Structures are given as structure tokens and as C-alpha cells.
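*Asks:* quick check, what structure comes out for this input:
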Amino acid sequence: MDRILYTAMSGAKQSLDQQAVVSHNLSNASTAGFRAQLHAMRAVPVQGDGLLPTRTSVAATTPGSDFSPGPVSTTGRELDVAIDGNGWLAVQMPDGSEAYTRRGDLQVDGNGLLVNVGRPVIGENGPIVVPLGSQLSIGADGTISAIG
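*Replies:* This next block holds a predicted model:
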């Protein structure tokens, strides 16, 4: 059987993947803070047995990311923050590694740990712990103030 079938199927699969990305972008367009996923395809020479210069496969690429700020809506919660410019929040992953997010709906857990979707927010000296029951405010420079 000619392996050209597999080459053609790679193009069909990438077309379906692109449709999934477009569908995802459309369904989340009105979600606060959502950024569209960018999707592109590129031709890749086929490697292996029966190498012919006219046969190419298709591979998906992510040409970039859209980090432009969207509309900021005021919620009235002191722990809802909006990132201005190219800033990021550092969070700790379950394996202890550091990750970055722009999601700004922070919470304080039962131990006083400042978390973002269950992940501890990391400051200069590790995870941020605040006094329980205190009123928090976050300054424009990221400084956290707690009043007991």
C-alpha cells in the first residue's frame, strides 16, 4: 500500500485540529480574560523509506500568542487583580516548579496561603502567606498590604 495515504491523512487531521481551535475561540469569545489561540500549519518534508521531494506532510505550529490587554471590569473584590502591561503572576505547581499566569482572581485558603486556582502565589521568598481574617489590598506595583 502506498504511504501517500498517511501523508494525505496528516493534512486532514490538521484541518480538523484547526476547526477545533476556531470552534474553541468562538465559544469562549465572551469569556472574561480569554485570549484567542493562534493556529497555523506548515509543510514538512516526509522522512524515511521512499523519500520523494514532492511529498510533504503537514504540521501544526503556534506562530505566537496574543497577550494584549482586554477590557478591565471592576468586581469590587480586593483580591481580583488585573495585570497591566507584560506582567505575570508566579504560581507554584504541584511538583514544586514555578509557572506563570495572568489570571487575577486570587483567594486566601484556610491556612492563609494566597492561591490562584488552588496554586500558591509565589513572592520573592516563596509562597505568600497572609494573616487569617485580615483585610488585604494589592497596590499597583504588586505590593500586598494586610490590616488585621
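*Asks:* could you find the closest non-adjacent residue to the residue nearest in space to the middle of the chain?
*Replies:* Residue closest to the average C-alpha location in the chain (Cα atoms, centre = their mean): T101, at 6.5 Å. Nearest residue to T101 in three dimensions, chain neighbours excluded: L89, at 5.3 Å (Cβ to Cβ, 6 or more residues apart in numbering). Where C-beta positions appear, they are placed from N, C-alpha and C, glycine not excepted.
*Asks:* give me the pLDDT value at the residue nearest to the centre of the chain.
*Replies:* Per-residue confidence (pLDDT) for T101: 89.
*Asks:* surely A8 is in a helix?
*Replies:* Yes. Assessed by DSSP: H, G, I helix; E, B strand; the rest coil, A8 belongs to a helix.
*Asks:* neighbours around it, how many?
*Replies:* A8 is flanked by 13 other residues according to other Cβ atoms under 10 Å.
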